[in-house]
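I need the structure of the sequence given here:
(one chain, ligands or ions: 2)
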Amino acid sequence: MAENQNKSHCSKTALPDDGNKPADCISIAIPCYNEEKTLQVMYSTLCEITELMPDVKFEFIFVDDGSKDKTLEIIREIAAKDSRVKYVSFSRNFGKEAAMYAGMQKAEGDYVAIMDADLQDPPKMLIEMYRVIKEEGYDCAAARRVNRKGEPKIRSFFARQFYKIMRKLSNMEVVDGARDFRLMKREVVNAVLSVCEYNRFSKGIFSWVGFRTKWLEYENVKRVDGESKWSFWKLFLYSIDGIVAFSTAPLALSSLLGICFCIMAFLAIIFTIVRQLIWGGSAYGWPSLVCIILLLSGIQLFCIGILGQYLSKTYLETKKRPIFIVRDEEGGNNERDYERD
Ligand code: UDP
Ligand code: MG
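Ligands and ions are numbered 1, 2, ... in the order given. Model (predicted):
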């Protein structure tokens, strides 16, 4: 089907077929962790898609995230037959976030797509995504599940709550049901790569870098084979990562608590004084003790909150995120390096 199509990979040195404008090239990055059962089906589906898009060149980047099964052997077999296939193999399991980053870094195409290996991200949507970017002026087309059929109810419930909390705490638009499946222009990929923090939460990063994104909806599909790698506990930790990476609100929480405690202490003090003045003798013993405890713990919490504010600023600085990201510009010096060392 796709035997040694040397001309069609995305190398920057590849010459245009007809001497005119070179064809667009789409790189598809596929994170794989223990996907021996799904890879062949995935690859055949990708080949079908490429046949439906004859004007576009493709490269497939398989990222083996330290798989313990035959994933790497299968990827090597596919790569030996098809020059469009590249791969990276991690020394151990670093997680899907790291795999996506590595895939984007290795991609050479004008457009980069991220796609799961289990066909849960319908590969055919790529055709529509490409059309949306080319014809409607978007920089990015992303997939969003409209339902969660086939997923445990409790998992869907917590996922929805997470998106709500995330939106409130981070002031960022993290769309409910958003997948990592998306097609991005080169500019978007470069911007995402410029956010090089270690604890990555891509859904937040995609939103943070901005650009015009069109959300394409689809119905949830079951995995073609194998099992999900995300246990409830892993998802819970990932959601905490997401909140901590994009919001410093939890650090301000103790200040808020401190203020509440101080207000309570003042009310209690007034209440105790008034009671003492009217009935007398009632301010001794535990009422005054409670007031003191409330006031002191309130002051302490408030001060911890102030420390938290400085810590949050330091935390944001250590991420070395770019100060801004340009979508379009003309004239002047526009050679800039996003890295801030
Ligand atoms: N994946 C990965 N590293 C991991 C876990 C998952 O590269 O540590 C890949 C996995 O092979 C798949 C994609 O990420 O291609 C999505 O994983 P999965 O299907 O298990 O997640 P779900 O669809 O259940 O959210
Ligand atoms: Mg999946």
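
so K214: helix, strand or coil?
strand (DSSP: H, G, I helix; E, B strand; the rest coil).

that one against E136, yeah?
Yes. The pair K214 and E136 passes the contact test of C-beta atoms under 8 Å, sitting 6.7 Å apart. The C-beta positions use only the backbone N, C-alpha and C, and glycine is treated the same way.

of those two, which one has the most company?
Set side by side, K214 and E136 show more neighbours around K214, with 16 against 10, by other C-beta atoms under 10 Å.

contacting residues around that one?
132, 136, 138, 140-142 (C-beta atoms under 8 Å, 6 or more residues apart in numbering).

how many neighbouring residues does A265 have?
20.

got it, and W279?
9.

what about it, distance to ligand 2?
From W279 over to ligand 2 the distance is 68 Å, taken as C-beta to the ion, to the nearest Å.

so how far is ligand 2 from D225?
Per C-beta to the ion, D225 is found 11 Å from ligand 2.

that residue in helix, strand or coil?
With three-state DSSP as the basis, D225 sits in coil.

for it, give me phi and psi.
Main-chain torsions, D225, degrees, to the nearest 10: phi -170, psi 170.

got it, and K185?
Per-residue torsions, K185: phi -70, psi 160 (degrees, to the nearest 10).

adjust the sequence numbering to begin at 41 for everything that follows.
Noted, 41 is the first residue going forward, which turns the last one into K225.

on that earlier part again, sort out for me which of the contacts of K254 are in helices.
Judged by DSSP state H, helices contain the following of the contacts of K254: 172, 176.

if we take the contacts of K254, which one ends up nearest to ligand 2?
A182 (16.2 Å; C-beta to the ion).

ok, the nearest residue to Y83 once chain neighbours are set aside to ligand 1 distance?
Nearest non-adjacent residue to Y83, counting by C-beta to C-beta, 6 or more residues apart in numbering: I118, 5.4 Å away. According to C-beta to the nearest ligand atom, to the nearest Å, I118 stands 15 Å off from ligand 1.

please apply the same query to G298.
Distance from G298 to ligand 1, by C-beta to the nearest ligand atom: 39 Å.

that residue against L347, yeah?
No. The criterion here is C-beta under 8 Å, and G298 misses it with L347 at 11.3 Å.

if you count surrounding residues, which of the two has more?
G298 (20 against 12).

tell me the buried residues in the helix or strand that one falls within?
Taking DSSP states H and E as the definition, G298 sits inside helix 289-319. By 16 or more other C-beta atoms under 10 Å, the buried positions in helix 289-319 come out as 289, 291, 294-295, 297-298, 301-302, 305, 308-309, 312.

what is it packed up against?
Helices and strands touching helix 289-319, by 3 or more C-beta pairs under 8 Å, 6 or more residues apart in numbering; DSSP states H and E, are helix 193-210, helix 326-358.

which stretches of the stretch 241-381 of the chain have low pLDDT?
375-381 (pLDDT under 70).

same thing but 80
By pLDDT under 80, the weakly predicted segments of the stretch 241-381 of the chain are 260-272, 320-324, 371-381.

which bits of the protein sit near ligand 1?
Within reach of ligand 1 by C-beta under 6 Å from any ligand atom, the chain has these residues: 71-73, 75, 105, 133, 135-136, 139, 156-158, 160, 268-270.

try it again with 8 Å
Within the chain, the positions near ligand 1 by C-beta under 8 Å from any ligand atom are 70-75, 78, 103, 105-106, 133-136, 139-140, 155-158, 160, 220, 263, 266-270.

mind putting the helices and strands packed on helix 289-319 in JSON lines, distance to D95 included?
Below are these laid out as JSON lines (distance: least, C-beta to C-beta, whole Å):
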{"stretch": "helix 193-210", "distance to D95": "37"}
{"stretch": "helix 326-358", "distance to D95": "43"}
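
and the pLDDT for G190?
On the pLDDT scale, G190 is placed at 68.

re the thing from before, turn the buried residues of helix 289-319 into CSV, including distance to I194.
Shown next, in CSV, are the buried residues of helix 289-319 (distance: C-beta to C-beta, whole Å):
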residue, distance to I194
A289, 26
L291, 30
S294, 31
S295, 34
L297, 30
G298, 35
F301, 35
C302, 39
A305, 41
A308, 41
I309, 46
T312, 47
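
let me know the closest of those to ligand 1.
The shortest approach to ligand 1 among the buried residues of helix 289-319 belongs to A289, at 26.0 Å (C-beta to the nearest ligand atom).

OK, contacts around the residue most central in space within the chain?
Centrality entry for the chain: nearest residue to the mean C-alpha point is S242, 1.5 Å, by C-alpha atoms, centre = their mean. Neighbouring residues of S242 by C-beta under 8 Å, 6+ apart: 137, 140, 220, 232.

strands - which of the residues you listed land there?
D220 (DSSP state E).

who wins for most neighbours among the contacts of S242?
Going by other C-beta under 10 Å, V232 tops the contacts of S242 with 25 neighbours.

just to revisit the earlier point, could you dump the buried residues of helix 289-319 to JSON lines with distance to ligand 2?
Converted to JSON lines, those look like this (distance: C-beta to the ion, whole Å):
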{"residue": "A289", "distance to ligand 2": "30"}
{"residue": "L291", "distance to ligand 2": "33"}
{"residue": "S294", "distance to ligand 2": "38"}
{"residue": "S295", "distance to ligand 2": "40"}
{"residue": "L297", "distance to ligand 2": "40"}
{"residue": "G298", "distance to ligand 2": "44"}
{"residue": "F301", "distance to ligand 2": "46"}
{"residue": "C302", "distance to ligand 2": "49"}
{"residue": "A305", "distance to ligand 2": "52"}
{"residue": "A308", "distance to ligand 2": "54"}
{"residue": "I309", "distance to ligand 2": "58"}
{"residue": "T312", "distance to ligand 2": "60"}
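
perfect, that will be all.
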